[in-house]
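Colleague: Predicted coordinates and the sequence they were generated for:
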Amino acid sequence: MALYIDADACPVKVEAERVATRHGVKMFVVSNGGLRPSQNPLVEMVFVPDGPDLADMWIAERAEPGDVVVTGDIPLAAKCVEAGAEVLKHNGERLTRANIGNVLATRDLMSDLRAADPFRQGGGRAFSKADRSRFLDALERAIRAAKTAG
């Protein structure tokens, strides 16, 4: 089992490392650079070349049943769900075979709405302490479940 972090713009890297360390799980932090390396022997920093979706492709090629992937990238999440990995968003929301289709459709709809109205910009709500807490709880449960299943 491994924990994969889509690290570009990930607000929960430190929390994920704490949980992975507590459980003795290998963690891959994947980005195209700009991150401070961890001294933790369980954490492997993976720097991919700068390019569209290269970090996503690296994770998608390796994720398999028993792994946990943390990402806010919905297309990457869909690939990892299809591969059988457990997928969590940064706010702790689980992405599963049952809900990934709706999440992808909503993402596409919102993208189309933004493209149709150039004044409709801005992101969602700010990342909160409650989001961080939900993430920690969801990651703890996901790793425990993966360890007992494997």
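Modeller: Nice, I can see it. Residues are numbered from 1 along each chain as shown.
Colleague: my guess is Glu140 meets Val19, correct?
Modeller: Yes: using C-beta atoms under 8 Å, Glu140 is in contact with Val19, at 5.8 Å. Every C-beta, even on glycine, is put in place using the N, C-alpha and C of the backbone.
Colleague: what about these two, which has more around it?
Modeller: Val19 (21 against 15; other C-beta atoms under 10 Å).
Colleague: Could you pull up the contacting residues of the more buried one?
Modeller: The contact partners of Val19, taken as C-beta atoms under 8 Å, 6 or more residues apart in numbering, are 25, 136, 139-140, 143.
Colleague: helix or strand for it, which one?
Modeller: Using DSSP states H and E, Val19 sits within helix 13-23.
Colleague: By mean pLDDT, point me to the weakest helix or strand of this structure.
Modeller: Least confident helix or strand, the chain: helix 100-116 with a mean of 71, by mean pLDDT, DSSP states H and E.
Colleague: what about this structure, any weak spots by pLDDT?
Modeller: By pLDDT under 70, the weakly predicted segments of the chain are 107-115, 118-124, 150.
Colleague: List the buried residues for the top helix by length along the chain?
Modeller: As assigned by DSSP state H, the longest helix anywhere in the chain is helix 129-149. Buried residues in helix 129-149, counted by 16 or more other C-beta atoms under 10 Å: 131-132, 134-136, 138-139, 142-143, 146.
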